[in-house]
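Participant: next comes the sequence, and after it the predicted model I'd like to discuss.
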Amino acid sequence: MGWRTHEVFNQVDELVDYDLFSTDPALVAAVERSGARWAAAELADYGAVLGRAETWRLACEANRYTPELDRYDARGRRIDRVSFHPSWHVLMQLLRGRGLVSLPFRDERPGRWAAWAAGFYLHGQVEAGTLCPATMTQAAIPLLQREPGLWSALGPKLYSDDYDPRDLPAADKASIWIGMGMTEKQGGSDVRSNAASAEPLAPSGREHVLRGHKWFFSVPTSDAHLVTAKTPDGAPSCFFVPRFRPDGSRNAIRIERLKDKVGNRSNASSEVEFDDAWGVRVGEEGRGVATIIEMAGYTRLNCVVGSAALLRQGLVQALAYARRRLAFGRLLADQPLMGAVLCDLALESEAALALIFRLCEAFERPEDPLQRAWKRIMTPAAKLWVCKRAVEACGEAMEALGGNGYVEPGVMARLYREAPVNSIWEGSGNVMALDVIRAVGREPEAAWALIEDIASGLAGEPRALAELAALRDALSAPPETLEALSRGVAQRLVLIGQAALLRRHAPAFVADAFLASRFSPAWGPITGALDVRGMDVQAVLQRAFPE
Ligand SMILES: Cc1cc2nc3c(=O)[nH]c(=O)nc-3n(C[C@H](O)[C@H](O)[C@H](O)COP(=O)(O)OP(=O)(O)OC[C@H]3O[C@@H](n4cnc5c(N)ncnc54)[C@H](O)[C@@H]3O)c2cc1C
């Protein structure tokens, strides 16, 4: 239907109906070199399914028609029911059906973490809210594997790729979801400040009743949560708290309210009270913080992958738009300044991807001391850096669409609203920076081995080696000073790590542009402020999203 007053022209639709996997040469190469070639056909298929206009529509609807809480039924009985738009269930089914919850734990093939990360990265580009339940469930697996009683009943349901949304006791379901509950009103980062209490049902028994609250409790519809609470001696332990008690009655977990969130709107996050809720201790008594921190080791990797996915999708949408949209008589993508902005985003995206796949290698072989160093020290640094870069990048990518980027419903608005949460939950930026120096302090030899490994990839590269020297210098500062320097330490560690990885795995025009920009005083804090002289901008953009 035409307008009577004007013609619509030079308006560019958001990119849909494309294959997310095969249009990403860096991803395809990373899967290949990580030993996950066996997953490539499945990933290509999933990339095509996700890219369909229909899947984008589902993602839009799931975030527009957000979950609703009914605390009571019509006659006043407590039901604590959360209802979702049907699109949420389709997206959850897609994610679970592709093995993206438990694949790296149940599959023994080399490249299992890389295969999982690639699928998660594809899914997260289209819909991010569904990643939250998958992340927490995945992270619960290694803890529950060590609890023979629970594992024999729950293991097959955690490994299952069937999606079972029914609100029934876990025993009656094909598959289950697990959440985690630490954060209380008085403190989230400081889990030791937890006030929720756990009384043993019998002296020295593992069964407890929990009393208190959690201020953030995502996926309250999960079949169970792993919850921190203090036992009578005042020490925090970790408890498996199911939605239904063993006798089949509903457990006393009262959902008080759903959070009205900036983004992540498809996913339900809640406030809950435990009114003598039944729970069984997992992990060692009094070691609840250590138990839950082990889980966080996995959820933090998930945050890095989720943020890299947002960054990638922002870049692709911006590039596709700029290649069609004219301003001042020329395509935006052909204009030198927009080229610099897009090139900077592309470098950030490929560097994030390279880091993810290096971490996947480390997660796959943690028994090797060097891999363990990458896993333990680089994961929190990557969580700090990549999640923060995604916030900046999503804002910049949105701006590449001009005003069209800032309106609803739109992919860019969703990416932008989603980005900050990965930086906040599972350990906020400062907590990550402090974790990096804590890990270095506890295992200095591992840290030096990691730094040496990175240095070996930077031979003949004076700018990066100068950064490395500055990193070594900062790490030798006294503890109070080092704490204040810790964001800089994490940033340097990531940047030199990414530089070494790109030199090893990316084409020279990408690695050289990364090195020339990231260690130049001209770079940052705004995207696109890079000296493009000597960079092959068009080659970088063509690789980022070939056309
Ligand atoms: C959408 C959403 C869903 C969530 N879902 C869950 C969930 O399912 N389960 C759960 O347990 N939690 C959940 N959380 C909570 C989240 O993990 C916490 O918000 C986070 O850990 C920070 O805790 P806090 O909010 O209490 O902030 P605080 O701990 O008060 O921190 C405030 C700020 O101080 C900084 N800070 C803290 N300590 C230091 C220090 N020593 N030095 C310097 N700076 C410091 C932090 O980095 C942060 O920037 C969720 C949060 C959000 C936003």
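Facilitator: Now that the structure is in, tell me what you want to look at.
Participant: for this protein, longest strand please?
Facilitator: Secondary structure assigned by DSSP state E gives strand 269-282 as the longest strand of the chain.
Participant: what is the mean pLDDT for that strand?
Facilitator: Mean per-residue pLDDT for strand 269-282: 98.
Participant: between the following helix or strand past that strand and strand 269-282, how big is the angle?
Facilitator: Scanning forward in sequence from strand 269-282 by DSSP states H and E, the next helix or strand is helix 288-322. Counting by axes from the mean of the first three to the mean of the last three Cα atoms, to 10 degrees, helix 288-322 lies at 140 degrees to strand 269-282.
Participant: I'd like the next helix or strand past helix 288-322.
Facilitator: Downstream of helix 288-322, the first helix or strand assigned by DSSP H and E is strand 326-327.
Participant: okay, now the sheet partners of that next one, with direction.
Facilitator: Applying DSSP bridges to the sheet, strand 326-327 is found paired with strand 330-331 (antiparallel).
Participant: same question for the partner strand, mean pLDDT?
Facilitator: Per-residue scores along strand 330-331 average to 98.
Participant: swap in stretch 53-62?
Facilitator: 98.
Participant: what residues of it count as buried?
Facilitator: 55-56, 58-62 (16 or more other Cβ atoms under 10 Å). Just so you know, the C-beta spots here come from the backbone N, C-alpha and C atoms, and that holds for glycine as well.
Participant: distance to Arg330 and secondary structure for these - can I get that in TSV?
Facilitator: Formatted as TSV, the buried residues of stretch 53-62 follow (distance: Cβ to Cβ, whole Å; DSSP: H, G, I helix; E, B strand; the rest coil):
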residue	distance to Arg330	secondary structure
Thr55	33	helix
Trp56	29	helix
Leu58	36	helix
Ala59	32	helix
Cys60	31	helix
Glu61	36	helix
Ala62	38	helix
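Participant: my read is Arg4 is in a strand, agree?
Facilitator: No - assigned with DSSP: H, G, I helix; E, B strand; the rest coil, Arg4 falls outside any strand and is coil.
Participant: re the thing from before, which one of the buried residues of stretch 53-62 sits closest to the ligand?
Facilitator: Distances from the ligand to the buried residues of stretch 53-62, taken as Cβ to the nearest ligand atom, are shortest for Ala62 (15.5 Å).
Participant: identify the residues contacting the nearest residue to the closest one once chain neighbours are set aside.
Facilitator: Spatial nearest neighbour of Ala62, excluding adjacent residues (Cβ to Cβ, 6 or more residues apart in numbering): Ser266 at 3.8 Å. Listed by Cβ atoms under 8 Å, 6 or more residues apart in numbering, the contact set of Ser266 reads 59, 62-63, 66-67, 84-85, 88, 91, 127, 129-130.
Participant: what strand or helix carries the closest residue to Leu353 other than its chain neighbours?
Facilitator: Closest residue to Leu353 apart from its sequence neighbours, by Cβ to Cβ, 6+ apart: Ala26 at 5.4 Å. Ala26 is part of helix 25-33 when elements are defined by DSSP H and E.
Participant: identify all contacting residues around that helix.
Facilitator: Contacts for helix 25-33 (Cβ under 8 Å, 6+ apart): 21-22, 37, 39-40, 43, 111, 114-115, 118, 121, 349-350, 353-354, 356-357, 505-506, 543-544, 546.
Participant: cutoff 6 Å now
Facilitator: Applying Cβ atoms under 6 Å, 6 or more residues apart in numbering, the contact partners of helix 25-33 are 40, 118, 350, 353, 357, 543.
Participant: pick out the residue of the stretch 1-150 of the chain closest to the ligand.
Facilitator: Counting by Cβ to the nearest ligand atom, the stretch 1-150 of the chain gets nearest the ligand through Met136, at 6.9 Å.
Participant: next: the chain.
Facilitator: Gly188 (2.2 Å).
Participant: tell me the pLDDT of that residue.
Facilitator: 94.
Participant: and for Asn302?
Facilitator: 98.
Participant: next one: the residue nearest to it when sequence neighbours are not counted from Trp425, what distance?
Facilitator: In this structure, Asn302 finds its nearest non-sequential neighbour in Thr135, 3.9 Å apart by Cβ to Cβ, 6+ apart. Thr135 sits at a distance of 10 Å from Trp425 (criterion: Cβ to Cβ, to the nearest Å).
Participant: which one of these two is surrounded by more residues?
Facilitator: Set Thr135 next to Trp425 and count neighbours by other Cβ atoms under 10 Å: Thr135 wins out with 28 against 21.
Participant: name the next helix or strand downstream of the helix or strand hosting that one, please.
Facilitator: Using DSSP H and E, Thr135 falls within helix 131-145. For helix 131-145, the following helix or strand on the C-terminal side (DSSP H and E) is helix 148-159.
Participant: now do that next one against helix 131-145, angle only.
Facilitator: Going by the same axes, to 10 degrees, helix 148-159 makes 150 degrees with helix 131-145.
Participant: residues in contact with stretch 68-82?
Facilitator: Outside stretch 68-82, the residues touching it (Cβ under 6 Å, 6+ apart) are 67, 83, 221, 255, 258, 268.
Participant: interface residues of this structure facing the ligand?
Facilitator: 179-183, 187-190, 216-218, 261, 264, 269, 421, 424-425, 428-431, 434 (Cβ under 6 Å from any ligand atom).
Participant: and the gap between Pro133 and Ser222?
Facilitator: 7 Å.
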